[in-house]
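>>> need a 3D model of the following:
(chains A, B, C and D)
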4 protein chains.
Amino acid sequence: MLIRLAYDIQFELPAETAMVALLNVHPSRTHDLLEPDELKTEPRLNVTSYFDSFGNRCVRFVAPQGHLRLSSSTLLQDSGEPDEANWAARQSAVGDLPNEILRYLLNSRYCEVDRLSSVAFELFGHTSPGWARVQEICNWVHNKVAFNYQHARPTKTAMDVFTERIGVCRDFQHLAITFCRAMNIPARYATGYLGDIGVPVRLPMDFSAWFEVWLDNRWWAFDARNNMPRIGRILMATGLDAADVALTTSFGQANLSYFFVVTEEEIPASQTAISELSIGQRL
Amino acid sequence: MLIRLAYDIQFELPAETAMVALLNVHPSRTHDLLEPDELKTEPRLNVTSYFDSFGNRCVRFVAPQGHLRLSSSTLLQDSGEPDEANWAARQSAVGDLPNEILRYLLNSRYCEVDRLSSVAFELFGHTSPGWARVQEICNWVHNKVAFNYQHARPTKTAMDVFTERIGVCRDFQHLAITFCRAMNIPARYATGYLGDIGVPVRLPMDFSAWFEVWLDNRWWAFDARNNMPRIGRILMATGLDAADVALTTSFGQANLSYFFVVTEEEIPASQTAISELSIGQRL
Amino acid sequence: MLIRLAYDIQFELPAETAMVALLNVHPSRTHDLLEPDELKTEPRLNVTSYFDSFGNRCVRFVAPQGHLRLSSSTLLQDSGEPDEANWAARQSAVGDLPNEILRYLLNSRYCEVDRLSSVAFELFGHTSPGWARVQEICNWVHNKVAFNYQHARPTKTAMDVFTERIGVCRDFQHLAITFCRAMNIPARYATGYLGDIGVPVRLPMDFSAWFEVWLDNRWWAFDARNNMPRIGRILMATGLDAADVALTTSFGQANLSYFFVVTEEEIPASQTAISELSIGQRL
Amino acid sequence: MLIRLAYDIQFELPAETAMVALLNVHPSRTHDLLEPDELKTEPRLNVTSYFDSFGNRCVRFVAPQGHLRLSSSTLLQDSGEPDEANWAARQSAVGDLPNEILRYLLNSRYCEVDRLSSVAFELFGHTSPGWARVQEICNWVHNKVAFNYQHARPTKTAMDVFTERIGVCRDFQHLAITFCRAMNIPARYATGYLGDIGVPVRLPMDFSAWFEVWLDNRWWAFDARNNMPRIGRILMATGLDAADVALTTSFGQANLSYFFVVTEEEIPASQTAISELSIGQRL
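Residues are numbered from 1 along each chain as shown, chains lettered A, B, ... in the order given. Sure thing, here's the model as predicted:
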């Protein structure tokens, strides 16, 4: 399956502003790219690329006062398979985890593992360790938290989600990540493209958030918001939580004026004459 | 100057527990070591050493149920000079910071940069950028926050310190770090040994927390708790905040039963017959 | 001046639900009523009226499952004068306050006087006591906090407003009330009608929140949201903060389906043929 | 049974300070007093007595700079019976509650009913309404929260207790009160004397906190901290939570220098020659 990925994000900057963008496909998917994956800026800026401590590809630049447009379009080859499920995947004892995985058990900005530790044991202490426990956590969060764009706010933590029971996709994942860590299952936050491929009801194309857990010596994707295997989840970045992987971080004021995302199956021209485009807005 | 560093930390473990310890001298001081700096465990355990994403030296092991003792003693050569001060040190524009320094401007577990951003601008927006601004931040925190061991708690954040105005050394540093980041000055948390060398009033030897800021292309030590240059600050670990550099992290219950720290000038035998020892307790 | 007051509030109730409504004009304005001020319910319910501990007139009833409509229309005589200002109004020493006024100095659900006490002294300790100090507090809140309906949430406290600097009318008042109490000025929360009478730009008619402070042995209205004297502020209820004076409290689920408020000058028929009506929505 | 009640509380005041004290026996126990119950002040001050909106007897005065001593000793007749238990006591529908009881269902400073509402339904929704449900709530809080004087802090709310699982007596009651209100059971905070009468292990005499719930048309004492019927609970004041019933509130700095409480059975002289005295400290 071929997936077209594109975005067009525009800002008004009241003053010169340094920015960092995590808008590239994750290095783990580089070999699937059929077209270059480069951030274009208008005006053309001196853009530097680097990898952060999580291995994400970041770009940085200093944008002048005025209008700024960030855009890209690329084509990626995908298996077309839904998220893998492996009910036999086992949870490692903490002592057997690789060194670099231990950090995914700790507190982070949006994931107060310490404050939700007792609650997690009460809710999930009786479940079977491993995949089943993570799935129980996803089920709980999915069933208990209502989705609502109007209740998004940048300071909402896992604790807030637990008490308010309402939020957007990132909020669902923060709560599930926190519960996993409290149960000694390494968990990290993931952002990327997630369109409507294979979903009966056609949803807007969008960036999205999900999370990954470490079982059987590798990372697996889970999604407490959708809580079902999805096709076409294209990873962009991972981190301890949303604080590490903002799509754009501006060190100064930056007013978003336009936001457009494409992520859809691209059918070769011989099969279809028109590619449908729709608009995705990510809060 | 020679500084003797030693600790003896003991736990009762109700069950087998995986632990990580950041109890070594920081790699940046390795060349100053005159004796080996190795964690000893009783019982003797299989200990693995690694570096975390901040470059700290970590050791990990799985301790059996029962009594656990972690200890070490080493000797380090030190300049004997107080913390450097450089009022001419300039603050870089964010766009000029090295890639790996950018993370020290973001939110972290104990440092809610977003929530304290307006406050920081109101308090420090009028001060001169660079060293003077960091010093103003330290002065403010030092003058406004009272030290009190009885008000320590593991969930206390910079926001809590700002409103409660009371805390222990780590709390002072978290608030100062948050203010620095809000003013676009990279700041990180530091832990290490800090004794009473050169201090008129003899204080107990102890581990301590301070912080570092990035000015003129390097890190400089600041200490909003003591707010004066000190001799014998021996770095052990740095991180975004205290969440990254706990002296010991146990993945399971571990009840502290004994805690003893030595950090003092070692006078060669020809000069003094008796080495005074005192006890430091770190909350 | 004659002011027409009316509302039409509708709910869908999934089950029988007890409700309390504070939808009457405040007892202090009863003598200004030219028409009865009675809550009508559809279906017709057995409605009981009582006064709460703040002296507000409350009605309570048990509504059956299904559609519920609460409505009223009344006419009130008003001076047509803007809010009084009295720069000479003095602040009493706490020891001279009447017994029943002391409670308005304490912490309450949305007003963390203890947590914002140091901040209040730093910001307003240098101002002249009395009216000028309250006005300085209103100016600060008005200038520092941005109004935005999309950032309303029922759990937002004065502390949250202080850090987020964004909110709706009740949020402005909670922060100002908290600062006043921290400075030992009794302050209470007020809700009522506030239309656009005398305001150049025509705003929607609405319920609104403001606050009152005790100076010179009486209560005076202040409004940190609008921060200017207004005409036609018709008081409905007062309390320590918004927790005490919800327009409606339902002890069970109640889904708001319609909300309409009228508060406007009524011109006698001889003067105008058509009464303009507009719609007000209160979050 | 005769119970001797006495206290001796001393402060150092850096400046003249207005104070309010809730240090009298509750009006509901006035008829049991065998000696006058009057607050004595040293120096002698002009003390005014009044009743607050909860019906508590309050005294207020303005104390000069310097040393302040508040003391009292009185004798009270008590049934000597332990707290009543009535497993048949039923919970009223909200619609049947008396008007003045409705306020005890709402949010208050330390009791975030809104934030803990979902949790309460998950934990207690399956229990039998009425006495059994309140007892289940007490059992849960008693079993899940550890008592520890060192974790007291004045800003700790029910939410904090739920996540930290540690606290002092007031913290236990705040969490239990919040759960009760979330389940539509009116609950209020109570303070008073609670000694060691009838308790096998002799505990220090002390003021204490418990709570009361409204069942079968009256208030009943519950105590999530001790969670067993006790003898000699002498009520002083009730309120929504601890914010309403501080033993002393000073509007200015007041440094506690001495604290002593007596509450013990007084054996007539013919029976015993020596009255044992012990010391109670309330944090």
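
>>> what's stretch A:131-146 in contact with?
Applying CB atoms under 8 Å, 6 or more residues apart in numbering or on different chains, the contact partners of stretch A:131-146 are A:85-91, A:123-124, A:127, A:161, A:165-167, A:171-172, A:175-176, A:179-180, A:183, A:185, A:213, A:215, A:220, A:222-227, D:118. For every residue, glycine as well, the C-beta is placed using N, CA and C.

>>> which ones among these are found in strands?
Within these, residues falling in strands by DSSP state E are A:166-167, A:213, A:215, A:220, A:222.

>>> look up the residues forming beta bridges with A:Tyr189.
Assessed by DSSP bridges, A:Tyr189 has beta-bridge partners A:Phe211, A:Gly239.

>>> who's in contact with it?
Neighbour list for A:Tyr189: A:170, A:173-174, A:177, A:209, A:211, A:238-242, A:244-245 [criterion: CB under 8 Å, 6+ apart].

>>> which positions in chain A make contact with chain C?
By CB under 8 Å from any CB of the partner chain, the residues of chain A that approach chain C are A:150-151, A:153, A:155, A:164.

>>> among those, which one has the most neighbours?
Counting neighbours by other CB atoms under 10 Å in any protein chain shown, A:Glu164 leads these with 20 neighbours.

>>> could you verify my assumption that that residue touches D:Arg115?
Yes. In this structure, A:Glu164 is within contact of D:Arg115 by CB atoms under 8 Å, at 7.3 Å.

>>> which neighbours do those two share?
C:Thr155.

>>> quick one: pLDDT of A:Glu112?
Note for A:Glu112: predicted pLDDT of 95.

>>> for the one 5 residues further on, same thing?
Confidence per residue is given as pLDDT, and for A:Ser117 that number is 96.

>>> ok, now which ones touch it?
Shown in contact with A:Ser117 (CB under 8 Å, 6+ apart): A:Ala182.

>>> quick one on the thing from earlier: which one (most neighbours) among the ones in strands among the contacts of stretch A:131-146?
Greatest neighbour count in the ones in strands among the contacts of stretch A:131-146, by other CB under 10 Å, goes to A:Phe222: 28 neighbours.

>>> what's the distance between it and C:Ala158?
38 Å (CB to CB, to the nearest Å).

>>> quick check: closest non-adjacent residue to whatever residue of the stretch 1-150 of chain A ends up closest to chain D.
Residue nearest to chain D within the stretch 1-150 of chain A: A:Arg115 (4.0 Å; CB to the nearest CB). Closest residue to A:Arg115 apart from its sequence neighbours, by CB to CB, 6 or more residues apart in numbering or on different chains: D:Thr163 at 4.0 Å.

>>> same check, this time on A:Tyr258
Leaving out its chain neighbours, the residue that sits closest to A:Tyr258 by CB to CB, 6+ apart is A:Gln10, at 3.8 Å.

>>> correct me if wrong, but that neighbour is in a strand.
Yes. With DSSP: H, G, I helix; E, B strand; the rest coil as the criterion, A:Gln10 is part of a strand.

>>> stretch A:18-31: which residues count as buried?
In terms of neighbour count (16 or more other CB atoms under 10 Å in any protein chain shown), stretch A:18-31 has its buried residues at A:18-26, A:29.

>>> sheet partners, orientation included, of the lowest-mean-pLDDT helix or strand in chain A?
In chain A, the helix or strand scored least confidently by mean pLDDT, DSSP states H and E is strand A:255-265, which has a mean of 92. Paired neighbours of strand A:255-265 in the sheet (DSSP bridges): strand A:2-13 (antiparallel).

>>> beyond the strand it pairs with, next helix or strand please.
Next along the chain after strand A:2-13, taking DSSP states H and E as the criterion, comes strand A:17-21.

>>> now for that following strand, which elements pack on it?
When contacts are defined as 3 or more CB pairs under 8 Å, 6 or more residues apart in numbering or on different chains; DSSP states H and E, strand A:17-21 packs onto strand A:57-63, strand A:248-251.

>>> need the ones you listed in TSV (columns: distance to chain D, mean pLDDT and mean neighbour count).
Listed next are the helices and strands packed on strand A:17-21 as TSV, based on distance: least, CB to the nearest CB, whole Å; pLDDT from 0 to 100; neighbours: other CB atoms under 10 Å in any protein chain shown:
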stretch	distance to chain D	mean pLDDT	mean neighbour count
strand A:57-63	34	97	20
strand A:248-251	30	95	18
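
>>> distance to B:Leu68 for these - can I get that in JSON lines?
Output for the helices and strands packed on strand A:17-21, formatted as JSON lines (distance: least, CB to CB, whole Å):
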{"stretch": "strand A:57-63", "distance to B:Leu68": "41"}
{"stretch": "strand A:248-251", "distance to B:Leu68": "42"}
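
>>> filter the residues of chain A next to chain C down to the ones in helices?
Within the residues of chain A next to chain C, residues falling in helices by DSSP state H are A:Glu164.

>>> and the furthest pair within the residues of chain A next to chain C?
Spatial extent of the residues of chain A next to chain C (CB to CB) is set by the pair A:Gln150 and A:Thr155 at 15.6 Å.

>>> so the residue of the stretch 1-150 of chain A closest to chain D is in which element?
helix A:113-124.

>>> next SSE after that helix?
Downstream of helix A:113-124, the first helix or strand assigned by DSSP H and E is helix A:131-144.

>>> using PDB, write out every CA atom in that next one.
What follows is helix A:131-144 as a C-alpha-only set of coordinates in PDB (Å, rounded to 0.1, in the frame of the first residue of the first chain):
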ATOM      1  CA  TRP A 131      -0.100  -8.000  26.800                       C
ATOM      2  CA  ALA A 132      -3.400  -8.800  28.600                       C
ATOM      3  CA  ARG A 133      -2.600  -6.200  31.300                       C
ATOM      4  CA  VAL A 134      -1.800  -3.500  28.700                       C
ATOM      5  CA  GLN A 135      -5.000  -4.300  26.900                       C
ATOM      6  CA  GLU A 136      -7.000  -4.100  30.200                       C
ATOM      7  CA  ILE A 137      -5.500  -0.700  30.800                       C
ATOM      8  CA  CYS A 138      -6.500   0.400  27.300                       C
ATOM      9  CA  ASN A 139     -10.000  -0.900  27.700                       C
ATOM     10  CA  TRP A 140     -10.400   0.900  31.000                       C
ATOM     11  CA  VAL A 141      -9.200   4.200  29.700                       C
ATOM     12  CA  HIS A 142     -11.200   3.800  26.500                       C
ATOM     13  CA  ASN A 143     -14.400   3.100  28.400                       C
ATOM     14  CA  LYS A 144     -14.000   5.600  31.200                       C
END
